[in-house]
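In: this is a predicted model, with the sequence first.
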Amino acid sequence: MTRAHDLPEVPGRRLLLKGVAAAGAAGALAAVPAAAHAAAAPAAARGGRPGPATPYVNPLVRNRADPHIHRHRDGRYYFTATSPEYDRIVLRRSRTLNGLTTAGEAVIWRRHATGAMGAHIWAPEIHHIDGRWYVYFAAAPAESVWDIRMWVLENTHPDPFRGTWVEKGQLRTAWETFSLDATTFTHRGTRYLAWAQHEPGMDNNTALWLSEMANPWTLKGPQVRLSTPEYDWECVGFKVNEGPSVIARNGRLFMTYSASATDANYCMGLLTARADADLLDPAAWAKSPVPVFTSNDTTRQYGPGHNCFTVAEDGRTDVLVYHARPYKEIVGDPLHDPNRHTRVQVLHWKPDGTPDFGVPVADTEPR
């Protein structure tokens with residue numbers, strides 16, 4: 001297991017983000033599976049109570065933060081996440097979610113030794129779009145490790161473990177500022193990108209943004225701000241909204257996001273829009289005034305967040321994927337602590353059709 005003192009020494013994110021907010025200058029949406037994006041899910045999935053036949057093992061994958069799981073049409077789960085060394089993009093696959101724990105892990109791309117994409121390789125997501133594979137991720141220049149921007153890789157081979165991953169370049173937005181956690185989804189025939197970025201002149205670290213896409217690596221615009229940190233629980237340590245993910249159910253789109261510093265204060269918020277709304281109208285999105293998923297002393301899981309959604313092996317039961325740590329106290333910068341582990345649990349639904357996140361489940365007891 002990699003320990004915190006094995007990680008490279010880098011300037012603290014705390015100093016950077018405070019500087020960004022003060023200066024007002026430079027500084028994860030999951031691809032919704034077809035079953036998860038259906039306008040109306042089977043009653044079992046909506047109620048969530050039947051659940052998968054085999055209980056999930058937690059942690060699912062140790063020392064992997066910002067997890068993203070794509071269930072492909074070949075019936076297999078494709079997994080990628082942030083490695084604690086922040087130097088590479090990894091990929092696993094399995095026919096079951098539990099199988100990802102022991103699945104072989106391939107490195108499909110490594111950071112550059114110098115120049116762009118040379119540091120802080122964060123929050124990769126893998127998506128299959130129009131017959132090609134894409135990975136969205138955040139990275140910074142090796143010589144300026146906090147100038148983090150969003151980047152895109154493409155692989156035209158049917159098998160993402162084969163073929164060549166081509167660097168399509170930076171995913172450019174309206175400003176050259178701190179930006180990360182790009183994710184893409186389709187709704188009513190339109191492809192969107194959601195991401196987190198600092199807006200010049202705003203008293204925050206990052207807000208949530210949404211735009212239509214011209215192609216998988218280019219925004220079409222306009223770019224609209226959906227949410228900015230405003231409640232106390234979004235502003236502990238840092239004023240952060242980041243890591244968006246979307247699931248469509250019961251005539252609505254639900255966008256989760258993560259807020260505050262990446263320690264035990266990290267938690268998840270929720271935006272909701274009607275399925276027939278104009279998603280690029282910020283007024284169409286209602287924001288929960290309270291967090292929907294938080295640290296829990298009883299189950300001993302802390303800082304749950306940067307989630308995505310997938311479906312169980314039955315193709316109906318919704319599954320919440322996220323990371324958390326098994327302890328609250330952290331020595332030094334939380335980003336130097338490698339023990340954010342990937343976790344999964346069934347996502348339930350309330351009678352009114354809204355998600356019931358519950359609490360982060362406890363670690364699986366050793367057999």
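Out: Structure received. Here the structure is a predicted model, which means the values were calculated and not measured. Numbering: from 1, shown residues only.
In: strand partners (parallel or antiparallel) of the host helix or strand of residue 310?
Out: In this structure, residue 310 is located in strand 302-311 according to DSSP states H and E. According to DSSP bridges, strand 302-311 has the following sheet partners: strand 318-325 (antiparallel).
In: and the strand it pairs with, average pLDDT?
Out: Averaged across strand 318-325, pLDDT comes to 98.
In: specify the angle between the next helix or strand along the chain from that strand and strand 302-311 in degrees.
Out: Using DSSP H and E, the helix or strand that follows strand 318-325 in sequence is strand 341-346. Counting by axes from the mean of the first three to the mean of the last three CA atoms, to 10 degrees, strand 341-346 lies at 50 degrees to strand 302-311.
In: contacts only, for residue 119.
Out: 10, 86, 111, 139, 140, 141, 142, 145 (CB atoms under 8 Å, 6 or more residues apart in numbering). In short, each C-beta sits where N, CA and C put it, glycine included.
In: what pairs with it across the strands?
Out: Here residue 119, judged by DSSP bridges, has bridge partners residue 140.
In: quick one on the thing from earlier: quick one: which of the contacts of residue 119 has the most company?
Out: Within the contacts of residue 119, most neighbours by other CB atoms under 10 Å means residue 139, with 26 neighbours.
In: so it touches residue 151, yeah?
Out: Yes - look at residue 139 against residue 151 with CB atoms under 8 Å: they come within range, at 5.4 Å.
In: next, show the common contact partners of these two.
Out: With CB under 8 Å, 6+ apart, residue 139 and residue 151 have common neighbours residue 117.
In: look up how far residue 251 lies from residue 353.
Out: 7 Å (CB to CB, to the nearest Å).
In: residue 167 pairs with what?
Out: So, taking DSSP bridges as the rule, residue 167 has residue 153 as bridge partners.
In: ok, it - contacts?
Out: Counted by CB under 8 Å, 6+ apart, residue 167 has contacts 117, 151, 152, 153.
In: pLDDT score for it?
Out: 98.
In: chain center to the strand holding residue 310, what's the gap?
Out: 7 Å (CA atoms, centre = their mean, to the nearest Å).
In: picking that back up, among the contacts of residue 167, which pair sits farthest apart?
Out: 117 and 152 (10.8 Å; CB to CB).
In: now do the SS call for residue 100.
Out: At residue 100 the chain is in helix, as set by DSSP: H, G, I helix; E, B strand; the rest coil.
In: doesn't residue 80 make contact with it?
Out: No - with contact defined as CB under 8 Å, residue 100 does not count as touching residue 80 (10.6 Å).
In: where do the contact lists of those two overlap?
Out: Common contacts of residue 100 and residue 80, defined by CB under 8 Å, 6+ apart, comprise residue 92.
In: could you export the contacts of residue 119 as CSV, including distance to residue 95?
Out: Output for these, formatted as CSV (distance: CB to CB, whole Å):
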residue, distance to residue 95
10, 38
86, 30
111, 31
139, 31
140, 36
141, 39
142, 38
145, 38
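In: and which of the residues you listed is nearest to residue 358?
Out: Distances from residue 358 to the contacts of residue 119, taken by CB to CB, are shortest for residue 86, at 30.8 Å.
In: which SS class is that closest one?
Out: Secondary structure, three-state DSSP: residue 86 is coil.
In: before we move on, the earlier item: and of the contacts of residue 119, the nearest to residue 219?
Out: Using CB to CB, the contacts of residue 119 come closest to residue 219 at residue 139, 17.9 Å.
In: distance check, the residue nearest to that closest one when sequence neighbours are not counted against residue 264.
Out: In space, and not counting its chain neighbours, residue 139 is closest to residue 117: 4.2 Å by CB to CB, 6 or more residues apart in numbering. Distance, residue 117 to residue 264, by CB to CB: 31 Å.
In: and what of residue 191?
Out: In terms of CB to CB, residue 191 sits 36 Å off from residue 264.
In: likewise for residue 219?
Out: In terms of CB to CB, residue 219 sits 35 Å off from residue 264.
In: check residue 335 too.
Out: 14 Å.
In: for residue 95, same thing?
Out: Distance from residue 95 to residue 264, by CB to CB: 35 Å.
In: okay, these two: which has more neighbours?
Out: residue 264 (22 against 12).
In: give the contact list for the more buried one.
Out: 295, 302, 303, 325, 328, 330.
In: list the contacts for the fifth one?
Out: Contact criterion CB under 8 Å, 6+ apart gives 263, 264, 295, 302 as the residues in contact with residue 328.
In: also the second one?
Out: Residue 302 makes contact with 263, 264, 295, 296, 324, 325, 326, 327, 328, according to CB under 8 Å, 6+ apart.
In: the nearest residue to the second one once chain neighbours are set aside pairs with what?
Out: Nearest non-adjacent residue to residue 264, counting by CB to CB, 6+ apart: residue 302, 4.1 Å away. With DSSP bridges as the criterion, the beta-bridge partners of residue 302 are residue 325.
In: any stretches of the stretch 51-200 of the chain with poor pLDDT?
Out: The stretch 51-200 of the chain contains residues with pLDDT under 70 at 51-53.
In: for it, what spans make up the strands?
Out: Using DSSP state E, counting those that start in this stretch, the strands of the stretch 51-200 of the chain run over 65-71, 77-82, 88-94, 106-110, 119-129, 132-140, 149-155, 166-170, 179-187, 190-197.
In: buried sites along the longest one?
Out: By neighbour count, and taking 16 or more other CB atoms under 10 Å as the criterion, the buried residues in strand 119-129 are 119, 120, 121, 122, 123, 124, 125, 126, 127, 128.
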